[in-house]
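Structure here, sequence nowhere to be found:
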């Protein structure tokens, strides 16, 4: 296309922006040589001139522009379920914060399991304490018994249910009364209460009970308890998963809003059909 | 577009649309009306407009609304034989760059103001500006050339 006095502005713009080919570039320069008045005008053109520094205005009332989201019963039902779940979770976390997980019972069939828990403390044979494990107060530091195999083998019956046993939480004062001499020598003010957890390994022909102790306020212990608690909810195992589920719910709420608006405003359907 | 996306459009871009309308038209009441009508149109057609295209749509509607108002005002003033001078430019009163730019902008025709803002503030490409204002790319470039030339002339005036 040839440059004329009718279309020269477009070419001058592209010339200043560097959008022309070499031939067009030379053609524009020849045009400017032939038209000094246009060259004079073009000298004023500043391609770097910008209005980006103009002050930005703030719209006074954004709330009036927005549309409220009305939730349907279906959506509210899911929201209520989430709130209830969170409430129950909070309740259990607050009320079970100081208690240890109950004893674990492992039932093996006729042979020793290689993954059976190993005792943390020394174990001694004491048939009398094994006979009445629930009534006898458990020693604080060193309570570990397992049965005389021969004696239990004669009296043992197959056990199929797990039973929580030997769980005691004692204050420092009570513990001081029941502890052995080693514990009594310790400073009771600095004493950390211990909680006993026992793991009963039940075999068809023998019973071996291992006892172990864990500090009640041990941070790692609390973390384990939290994981155990969260695992009871099935797919929700961590707070991250919980967060993802809540995000999914919000997405659902977002989509559900459209259905609700369609439900509550049937006139909108008519209008859209007419349009 | 969902209701949440629409409300997000309000949060994100209502100030931009308002600024665009204000610098194009320089009338606060008319600009607020233009923004409200733009968002009303967006809400009405939200099923057909994607979130990514919403800002361009809002700018386009706001620009059309302002042009309609300007035309109706011009007709009203002409009928009343009460034409006010369009030049409200007082260079002696303004020293700061922003105010100078703003006043220089007021001297431009509305289409040139709109294109300058879309190009320099919104950073739109020529094609996007053309789609927003319903003109072709060559017209966008010509208007942009004239707008910058006129701006420079106005700024030179203010410096004198």
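Arrived safely, thanks for sending. What you are looking at is a predicted structure, and each value in this text was computed from that prediction instead of being measured.

which stretches of the chain have low pLDDT?
Using chain A here. When residues are selected by pLDDT under 70, those of chain A lie in A:1, A:69-72, A:97-245, A:252, A:254-275.

please go with chain B instead
B:25-29, B:73-97, B:159-160.

Which segments of the chain make up each domain?
Going with chain A. Domain segmentation of chain A under automatic domain parsing yields A:1-57, A:74-98+A:218-266, A:103-215.

oops, chain B please
Taken from automatic domain parsing, chain B resolves into B:1-84, B:91-160.

possible to save these as CSV with mean neighbour count?
Heads up, the C-betas are built off the backbone N, CA and C, glycines and all. Listed next are those as CSV, based on neighbours: other Cβ atoms under 10 Å in any protein chain shown:
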stretch, mean neighbour count
domain B:1-84, 18
domain B:91-160, 18
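
can these go into a markdown table with extra columns for distance to chain A?
Shown next, in a markdown table, are the domains of chain B (distance: least, Cβ to the nearest Cβ, whole Å):
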| stretch | distance to chain A |
| --- | --- |
| domain B:1-84 | 4 |
| domain B:91-160 | 4 |
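
Can you list the helices and strands that the host helix or strand of residue B:119 packs against?
According to DSSP states H and E, residue B:119 maps onto helix B:110-120. The helices and strands touching helix B:110-120, judged by 3 or more Cβ pairs under 8 Å, 6 or more residues apart in numbering or on different chains; DSSP states H and E, are helix B:3-25, helix B:54-80, helix B:126-133, helix B:137-159.

Export those to CSV and append columns for distance to residue B:40.
Below are these laid out as CSV (distance: least, Cβ to Cβ, whole Å):
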stretch, distance to residue B:40
helix B:3-25, 11
helix B:54-80, 9
helix B:126-133, 18
helix B:137-159, 27
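
Quick check: residues of chain A near chain B?
A:9-10, A:12-14, A:16, A:41, A:44-47, A:49-60, A:62, A:64-67, A:69, A:254-255, A:257-258, A:261, A:272 (Cβ under 8 Å from any Cβ of the partner chain).

Could I get the contacting residues of residue A:29?
With contacts taken as Cβ atoms under 8 Å, 6 or more residues apart in numbering or on different chains, residue A:29 has no neighbouring residues.

So it: helix, strand or coil?
Judged by DSSP: H, G, I helix; E, B strand; the rest coil, the three-state class of residue A:29 is helix.

separation between it and residue A:85?
Per Cβ to Cβ, to the nearest Å, residue A:29 is found 76 Å from residue A:85.

Ok, residue B:11 next?
In terms of Cβ to Cβ, residue B:11 sits 30 Å off from residue A:85.

Can you list the buried residues in the helix or strand residue A:10 falls within?
Secondary structure assignment for residue A:10, by DSSP H and E: helix A:8-17. Neighbour-count burial for helix A:8-17 flags A:8, A:9, A:10, A:11, A:12, A:13, A:14, A:15, A:16 (criterion: 16 or more other Cβ atoms under 10 Å in any protein chain shown).
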